[in-house]
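Structure of the sequence below:
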Amino acid sequence: YSIKFYITEIRYTDWVAKVERKLTPISLQNIFIHGTHHRKKIPLNKKSVEIQAAMAFGTGHHSTTKSCISVYLNLIKKGNVFNNILDVGCGTGILSIVASKISKARITSIDNDIIAVQTTKHNFSKNHIIPKSKVFRSDGFNHNHLNRFSKFDLIFANILFQPLKNMVKPANKYLVKEGILILSGISIKQSIKIERIYLGHNFKKVTSHNEENWMTLVMKKF
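Numbers count the residues shown, from 1 in each chain. Reported below is the predicted structural model:
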């Protein structure tokens, strides 16, 4: 039998720009998350967080990201003050950017994906994040630079079950006493296991927030 090949010209499409146009802005308390195409729609009483759609996780539309932002804003409302924040698996840097808009904290953002690191740096620049905040590539906590920034009083980790499970000891090491962990990227069922693991390593649960089948845990080191 014979095989026939057909060649068709495909028109170039900037898929990132196309996706960005279709993403609707998100309003969470006093935060307004939007793409480049919605700059003119920012409410006067909101803090702008501009995120470019890219090959990195975190436009703010996923339940886990929204939950992380919501619990963080609620912690701030209750009077918590964070000065030194670590964002593990930063993706687009959205959690770091929200935190920097709310406080004057130094932000350290890490990811094991170089595209995520580049995307976060780009988004930091667009959002005029303070120069003392740093972004670098790291496999988990295995980067020498982390020791320079002393211990953290808040760690974001919106990643996956296995990495969350594996980071319990380094999270304990790099968090100050009574420091806060915001853990997300897990299902309700997985969160039960994660909570049990962290309870066995000097953490206690402060609160939790679930949206759809996703759970965000807020743990405190004691």
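
could you pull out the helices for the protein?
15-22, 63-77, 94-102, 114-126, 161-166, 168-174, 188-199 (DSSP state H).

Can you tell me which of those is most buried?
Ranked by mean neighbour count, these are led by helix 94-102 with a mean of 25 (mean count of other CB atoms under 10 Å). In this view, the C-beta of every residue, glycine as well, is placed from N, C-alpha and C.

the inter-axis angle of that helix versus helix 114-126?
Helix 94-102 runs at 20 degrees relative to helix 114-126, counting by axes from the mean of the first three to the mean of the last three CA atoms, to 10 degrees.

helices or strands up against helix 94-102?
strand 31-34, strand 47-50, helix 63-77, strand 84-88, strand 106-111, helix 114-126, strand 152-158 (3 or more CB pairs under 8 Å, 6 or more residues apart in numbering; DSSP states H and E).

Please repeat the previous calculation with a cut-off of 6 Å.
strand 47-50, helix 63-77, strand 84-88, strand 106-111 (3 or more CB pairs under 6 Å, 6 or more residues apart in numbering; DSSP states H and E).

Let's see stretch 77-91 as CSV, backbone CA atoms only.
C-alpha atoms of stretch 77-91 as CSV (Å, rounded to 0.1, in the frame of the first residue of the first chain):
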residue,chain,number,x,y,z
LYS,A,77,-6.6,41.0,58.1
LYS,A,78,-6.2,39.3,61.4
GLY,A,79,-3.0,41.3,62.1
ASN,A,80,-0.3,38.9,61.1
VAL,A,81,2.9,40.7,59.8
PHE,A,82,5.4,38.9,57.6
ASN,A,83,8.8,40.3,56.8
ASN,A,84,10.6,37.5,55.1
ILE,A,85,8.6,35.3,52.7
LEU,A,86,9.6,32.2,50.7
ASP,A,87,7.5,31.1,47.6
VAL,A,88,8.3,27.5,46.8
GLY,A,89,7.4,26.5,43.2
CYS,A,90,6.6,30.1,42.3
GLY,A,91,5.3,29.4,38.7
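
From the rest of the structure, what touches that stretch?
56-58, 95-96, 99, 105-111, 116, 120, 152-157, 159 (CB atoms under 6 Å, 6 or more residues apart in numbering).

For that stretch, the averaged confidence score.
Mean pLDDT, stretch 77-91: 96.

before we move on, back to that, kindly give a single ChimeraX line that selects the buried subset of the contacts of stretch 77-91.
Only the buried entries of the contacts of stretch 77-91 go into this ChimeraX selection, using 16 or more other CB atoms under 10 Å:
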select :56,57,58,95,96,99,105,106,107,108,109,110,111,116,120,152,153,154,155,156,157,159
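
okay if I get the helices of the chain as CSV plus distance to T216?
Formatted as CSV, these follow (distance: least, CB to CB, whole Å):
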stretch, distance to T216
helix 15-22, 25
helix 63-77, 4
helix 94-102, 11
helix 114-126, 20
helix 161-166, 11
helix 168-174, 15
helix 188-199, 8
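
In terms of mean pLDDT, which of these ranks lowest?
Minimum mean pLDDT among the helices of the chain: helix 15-22, a mean of 52.

just to revisit the earlier point, out of the helices of the chain, the one nearest T207 is which?
Counting by CB to CB, T207 lies closest to helix 63-77 out of the helices of the chain; the figure is 6.9 Å.
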